[in-house]
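A.B. asks: Just to be clear, the model below is a prediction. Sequence and coordinates:
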Amino acid sequence: MKQLDPALQAHLDDGTTTLAWCWRITRADGVSFGFTDHDCTLLFEGTEFEPESGFAASEIRAGSDLSVDAQDAEGVLSSDRITETDILDGRWDAAEVELWRVNWADTSQRVLMRRGAVGQIRRGRMAFVAEVRSLAHVLGQTVGRTFQAGCDAALGDARCGVDLEDPAYKGAGAVIDPLRDREFTGSGLSGFASSWFTFGTVEWTSGANAGRRAEVLAHDLLDGIAVLTLLEAPVRAIVEGDVFTIRAGCDKRVETCSAKFSNVANFRGFPHIPGQDTILRYAARDGGHEGGVL
């Protein structure tokens, strides 16, 4: 049960109210945005809530069990702070959402109704619909470890221990020639062997994609020049001269951990666990079936 400010309670007890809905959305990059269904800009807690932004919400679907409550936030792309490019670029994914009920005549009278996170975003030609999930969606996240042959640590994290700032695993270059929307040749990487950066990451430091990261699908050498293929094409086009920092990748095999990173002591997989080939084995007339360890 929510505790209301006495002033707000008195306003609600009055016969006439001046209430508005306000949404504050904080993206993963820390940037906050405010929107309101009121016709004037509202300001509280350091956030300006933009009116007439084309941002509106559906009714809240809630239950008494642990299922994920949801609400749809729908809007046309009329606010210059919500762009189709940013939606495609994933900048709004998993953004934190606060829903406030506010007395627009006195914004000190307000109550936080619910918190959640942006889930699925559906796009149209002129509008978008974002699903706002309640905090119960966190209960549906997978936690714990999986017994598997491959390493389940992220390369360079605390469990892995590899220093990706080491010059042996980090390079810098610039785009020479964009070959396709997600493939390009890059300078400054001739000292690295082919496939060294496969499954690694590219971080753009200049150009339209500055500040964004992308996963490297393949790293090849053509006449000594690096050819990089990204897993997904950036929303903003890659152009000649774009500068980037690139870090080595790992295919999660124990052989790679040992030979490439000399880090097998921190390998977080189970390379000797029996696989599907063990289940599918069958007896044969020859082949050394003498009862020894398979």
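C.D. replies: Everything's here; your move.
A.B. asks: Provide a list of residue ranges in the chain with pLDDT below threshold.
C.D. replies: 1, 52-82, 84, 119-142, 282-294 (pLDDT under 70).
A.B. asks: go with 80
C.D. replies: 1-3, 15, 52-94, 116-146, 275-294 (pLDDT under 80).
A.B. asks: Could you look up the SS state of the most centrally placed residue in it?
C.D. replies: By Cα atoms, centre = their mean, the chain has its centre lying nearest to residue 93, at 6.2 Å. Secondary structure state of residue 93, per DSSP: H, G, I helix; E, B strand; the rest coil, is coil.
A.B. asks: What separation is there between it and residue 117?
C.D. replies: 9 Å (Cβ to Cβ, to the nearest Å). Backbone N, C-alpha and C define where each C-beta goes, glycine included.
A.B. asks: about what we covered before: once you drop chain neighbours, what's closest to the residue nearest to the centre of the chain?
C.D. replies: residue 118 (6.6 Å; Cβ to Cβ, 6 or more residues apart in numbering).
A.B. asks: State which helix of the chain is the longest.
C.D. replies: In the chain, assigned by DSSP state H, the helix with the most residues is helix 6-13.
A.B. asks: quick check, distance from it to the centre of its chain.
C.D. replies: Here the centre of helix 6-13 is set off from its chain's centre by 41 Å, with Cα atoms, centre = their mean, to the nearest Å.
A.B. asks: Tell me which helix or strand comes right after that helix.
C.D. replies: strand 19-26 (DSSP states H and E).
A.B. asks: Residue 146: how many residues sit nearby?
C.D. replies: 9 (other Cβ atoms under 10 Å).
A.B. asks: so what's it up against?
C.D. replies: Residue 146 makes contact with residue 152, according to Cβ atoms under 8 Å, 6 or more residues apart in numbering.
A.B. asks: The one 4 residues further on now?
C.D. replies: When contacts are counted by Cβ under 8 Å, 6+ apart, residue 150 touches 252-253, 269.
A.B. asks: Please flag which of those residues sit within strands.
C.D. replies: Among these, no member is found in strands (DSSP state E).
A.B. asks: Now flag whichever of the residues you listed is closest to residue 278.
C.D. replies: When the contacts of residue 150 are compared for distance to residue 278 (Cβ to Cβ), residue 269 wins out at 16.7 Å.
A.B. asks: Distance of that closest one relative to residue 98?
C.D. replies: Taking Cβ to Cβ, one finds residue 269 at 40 Å from residue 98.
A.B. asks: What of residue 12?
C.D. replies: Residue 12 is 20 Å from residue 98, by Cβ to Cβ.
A.B. asks: What of residue 43?
C.D. replies: Counting by Cβ to Cβ - residue 43 and residue 98 are separated by 15 Å.
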